[in-house]
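Asker: Sequence plus the predicted model coming up.
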Amino acid sequence: MSETRKTIENVPCTFCGCLCDDLIIEIEDGQIVKNTNGCAISKEKLLGCNENRLLQPLINGSPVSLDDAIQHVAEIIASSRRLLIYGLSSTENDAHREAYKIAELVRGVVDNTSSVCHGPTILGVQSSGEPNAMLAEVRNRSDLIIYWGSNPAAAHPRHIPRYIKKEGEYIKDPKEDREIWLVDIRRTTTARMVNKFIQINPASDLEVLLTLRALVRGHVLDVDEVGGLKIDQLKEMAEHMKSAKYGTLFFGLGLTQSRGSHRNIDAAIRLIQDLSAHTKWTMMPMRGHYNVAGANKTSTWMTGYPYAVDYARGYPRYQPGEYTAVDILANGEADALLNIASDPVAHFPIDAVEHIKKIPVINIDPKINMTSKLAEVNIPSAIAGIECDGAATRMDGLPIYLKKVIDPPEGILPDREILRMIYNSLMKVLKK
Ligand code: SF4
């Protein structure tokens, strides 16, 4: 074995919202050579961390020094009237803090990727409450698990093996003591891992949830079928849910981004509240990016609001649908974009992308992506949780401390330091 080989245990995986913090990473000659415990996505992320890297600051595709890039960024931001800062969910919490400081300084808008994933979850929680739990509690106690509009086998590969098909304090044999259901509009790969797959019609989540609520509350319904399910099947579901000792509903974008949007979440929360009149039920969003829950938390600490924050009046205001990134872009409002650790060009609707093409884009990211191809300025950054430390928030709200396991490529800094440099440079430009 090489003398330079070393092993680091309990490393958190910075890919999905599970933030699995039990990876064993082996390093040889400064490179990651083995990832034990990580799923296939995690192995690809860590072992392939050098692939497709941005390695030098670029202005219009030409290499420049970091100082020149920062100066150019400060000039773009200083001359903008409606800066949009976007992304943040794939970087650590200290970087978020620096981004909010820039937004406040120039009276810009700051939004994170939750506006295109679990934003409706936040709206539902704001109107109806948050019947949340910790993943460890679910593993220890939950005897009925429902995944709704979520495909963890593909998006959160260790969610089921690490928390659900594992024994817990009161679940001695998960095969016997715990039941898993999947509610979705199509049979996904997760269907192979559950006890019961319940297929509903597309866009019928709201009516199915409201029907379950009515049945749990004891109402008699004069219908034969709702959302593709026979009323007897729905009655059986409601009775089974009432008889669980501890139920948990995990839900994904199939619920937040289908017809009904935040009303679906509102209905799901009310269903959990109704069930809790009979037994114990909790629910949890299957957060995608590893620190999207952290982006909501840091935004709330710093601005009072979880996403879609506008500083135009000098103080933060919150208006999803108006100050959300897609809307600000599609309405042609933003005149500069500072993108941090995300790829809006790959994921936003065409109207928003068409506007991105018209404005100066500053892109801070470790990797080449579709946004970097359009950016006027690219600044490469270290990968949080691999090349720099920090903190992030798991899908259940638990803070997890990220480890630096290898050095970043030479001259490449963490997002938080790049953003701090931009802030300092911006202060000088604005004082001139
Ligand atoms: S489930 Fe998610 S956090 Fe866990 S190892 Fe896989 S990608 Fe990483």
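Answerer: Great, that's in hand.
Asker: Count the residues that sit near the residue of the stretch 101-250 of the chain found nearest the ligand.
Answerer: For the stretch 101-250 of the chain and the ligand, the shortest gap (Cβ to the nearest ligand atom) falls at residue 158, measuring 3.6 Å. (C-beta placed from N, C-alpha, C; glycine too.) Using other Cβ atoms under 10 Å, residue 158 is surrounded by 18 other residues.
Asker: I figured it was touching residue 19, is that so?
Answerer: No. The pair residue 158 / residue 19 is not scored as a contact, 10.3 Å apart, by Cβ atoms under 8 Å.
Asker: now the helices for the stretch 151-300 of the chain?
Answerer: Listed in chain order, the helices found in the stretch 151-300 of the chain under DSSP state H, counting those that start in this stretch are 152-155, 159, 174-177, 205-216, 231-243, 253-256, 262-275, 292-303.
Asker: In a markdown table, list these along with distance to residue 117 and mean neighbour count.
Answerer: Conversion of these to a markdown table gives the following (distance: least, Cβ to Cβ, whole Å; neighbours: other Cβ atoms under 10 Å):
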| stretch | distance to residue 117 | mean neighbour count |
| --- | --- | --- |
| helix 152-155 | 11 | 18 |
| helix 159 | 16 | 24 |
| helix 174-177 | 29 | 13 |
| helix 205-216 | 16 | 22 |
| helix 231-243 | 26 | 16 |
| helix 253-256 | 6 | 24 |
| helix 262-275 | 12 | 22 |
| helix 292-303 | 7 | 22 |
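Asker: Could you show which parts of the stretch 151-300 of the chain are in contact with the ligand?
Answerer: 156-158 (Cβ under 6 Å from any ligand atom).
Asker: quick revisit: out of the helices of the stretch 151-300 of the chain, nearest to residue 83?
Answerer: Between residue 83 and the helices of the stretch 151-300 of the chain, the tightest spacing by Cβ to Cβ is seen for helix 292-303, at 15.0 Å.
Asker: Report all helices and strands that the next helix or strand along the chain from the closest one contacts.
Answerer: Where DSSP states H and E defines the elements, the next helix or strand beyond helix 292-303 is strand 309-310. Packing partners of strand 309-310 (3 or more Cβ pairs under 8 Å, 6 or more residues apart in numbering; DSSP states H and E): strand 109-112, strand 317-318.
Asker: from those strands, which stretch is densest packed?
Answerer: Counting by mean count of other Cβ atoms under 10 Å, strand 109-112 has the highest mean neighbour count of the helices and strands packed on strand 309-310, with a mean of 29.
Asker: Mean confidence (pLDDT) on the helix or strand just after that one, please.
Answerer: Using DSSP H and E, the helix or strand that follows strand 109-112 in sequence is helix 119-128. The pLDDT scores in helix 119-128 average 91.
Asker: What angle do helix 262-275 and helix 119-128 make with each other?
Answerer: Angle between the axes of helix 119-128 and helix 262-275 is 50 degrees (criterion: axes from the mean of the first three to the mean of the last three Cα atoms, to 10 degrees).
Asker: What are the contacting residues of helix 119-128?
Answerer: Helix 119-128 has contacts (Cβ atoms under 8 Å, 6 or more residues apart in numbering) with 114, 251, 256-257, 261-266, 268-270, 273, 285, 296, 306-308, 320, 324.
Asker: what sits against the residue of the stretch 101-250 of the chain closest to the ligand?
Answerer: Contacts of residue 158 by Cβ under 8 Å, 6+ apart are 18, 20, 39.
Asker: neighbours around the closest residue to the last one other than its chain neighbours, how many?
Answerer: Nearest residue to residue 39, sequence neighbours excluded (Cβ to Cβ, 6 or more residues apart in numbering): residue 157, at 3.8 Å. The number of residues packed near residue 157 is 20, by other Cβ under 10 Å.
Asker: can you tell me how far the residue of the stretch 101-250 of the chain closest to the ligand sits from residue 42?
Answerer: 8 Å (Cβ to Cβ, to the nearest Å).
Asker: okay, and the common contacts of these two?
Answerer: residue 20.
Asker: Residue 131 reaches residue 271, doesn't it?
Answerer: No. Between residue 131 and residue 271 no contact is recorded; they are 9.8 Å apart, counting by Cβ under 8 Å.
Asker: any idea how far residue 113 is from whichever residue of the stretch 201-350 of the chain sits closest to the ligand?
Answerer: As assessed by Cβ to the nearest ligand atom, the ligand sits closest to residue 290 within the stretch 201-350 of the chain, at 6.4 Å. Using Cβ to Cβ, residue 290 is found at 11 Å from residue 113.
Asker: Residue 427 too?
Answerer: Counting by Cβ to Cβ - residue 427 and residue 113 are separated by 28 Å.
Asker: Between these two, which is the more surrounded one?
Answerer: residue 113 (25 against 12).
Asker: I'd say that one and residue 295 touch.
Answerer: Yes. Residue 113 lies in contact with residue 295 (Cβ under 8 Å); the separation is 7.2 Å.
Asker: Give me the secondary structure label for the nearest residue to residue 9 once chain neighbours are set aside.
Answerer: Leaving out its chain neighbours, the residue that sits closest to residue 9 by Cβ to Cβ, 6+ apart is residue 24, at 5.2 Å. Per DSSP: H, G, I helix; E, B strand; the rest coil, the local secondary structure of residue 24 is strand.
Asker: List the beta-bridge partners for residue 24.
Answerer: Beta bridges link residue 24 to residue 36, judged by DSSP bridges.
Asker: Am I right that it is in contact with residue 11?
Answerer: Yes. In this structure, residue 24 is within contact of residue 11 by Cβ under 8 Å, at 7.3 Å.
Asker: In terms of neighbours, single out the busier of these two.
Answerer: residue 11 (26 against 14).
Asker: how near is that one to residue 129?
Answerer: 35 Å.
Asker: likewise residue 90?
Answerer: Taken as Cβ to Cβ, the span from residue 90 to residue 129 is 29 Å.
Asker: before we move on, what about residue 418?
Answerer: 38 Å.
Asker: Pull the residues that contact stretch 57-74.
Answerer: Residues contacting stretch 57-74 (Cβ under 8 Å, 6+ apart): 56, 338, 362, 375-380, 411, 413, 418, 421-422, 425-426, 428-429.
Asker: quick one, phi psi at the residue of the stretch 101-250 of the chain closest to the ligand?
Answerer: Backbone torsions for residue 158, taken as degrees, to the nearest 10, come to phi -100, psi 0.
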